[in-house]
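>>> give the three-dimensional model of this entry:
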Amino acid sequence: MVALFLVYLVAVVGRGVVLVGTGEPVAVGLGLAILVLPLLGLWLLARELWLATTVQQMADTLAASGSLPVDDLPRSPGGRIDRSAADAAFTLARHEVEASPEDWAAWFRLGFAYDAAGDRRRARSSLRTAARLWRSGTARG
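From the prediction side, this is the model:
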C-alpha cells in the first residue's frame with residue numbers, strides 16, 4: 001500500500017511540476033493544487049504510520065507486564081462480537097478512563113473497547129490520546 005502510494009506520489013508530483021513550469025496562470029494554479037494534494041496524503045500516511053508504531057510499542061509494553069487486553073468477547077458463528085458483551089466491556093473501560101484520565105493504558109483499553117463496539121472513529125481517537133500520553137511519559141510506569 002505504501003509502495004503504491006509512493007508510485008502515485010512520484011507520478012503526480014511530476015505532473016504538478018510540469019504544469020507549474022508552463023508559466024500559464026491556470027496551469028500554474030492546477031499544478032500547485034496537484035502538488036498540495038499528494039503532500040496532504042503523505043502527511044496523513046506518515047501520521048497513521050506513526051500512530052501504528054506507537055500503538056505497537058504500547059501493546060508490547062502491556063504484553064511485557066501481562067496486562068495486554070485479551071479479546072475474549074463472545075462471538076456469533078459469523079464472527080461478529082456479541083453487542084451486549086461489547087457494551088459491557090466498553091462500560092468497564094470507560095469507567096477506568098474516568099477514574100484515571102492520565103493513564104495511557106486505560107485509554108488504550110478504551111480504544112479497543114470502542115473497536116469491539118463497532119465505533120472505529122472513537123477507537124482511533126482513544127488510541128491517539130493513549131499515544132499522546134504514552135509519548136509524553138506522564139503516565140509511563
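
>>> and V26, how far from G16?
14 Å (Cβ to Cβ, to the nearest Å). In this view, the C-beta of every residue, glycine as well, is placed from N, C-alpha and C.

>>> where do the strands sit along the chain?
All residues of the chain lie outside strands when identified by DSSP state E.

>>> number of nearby residues for the residue nearest to F5 when sequence neighbours are not counted?
Nearest residue to F5, sequence neighbours excluded (Cβ to Cβ, 6 or more residues apart in numbering): L45, at 6.2 Å. Counted with other Cβ atoms under 10 Å, the neighbours of L45 add up to 15.

>>> what's the burial count for G29?
The number of residues packed near G29 is 12, by other Cβ under 10 Å.

>>> confidence score at P74?
For P74, the pLDDT comes out at 82.

>>> follow-up on the earlier one: so which of V26 and G16 has more stuff around it?
Each of V26 and G16 had its neighbours counted (other Cβ under 10 Å), and the higher figure belongs to G16 (21 against 9).

>>> which regions of the chain sit below the pLDDT cut-off?
Low-confidence segments of the chain (pLDDT under 70): 138-141.
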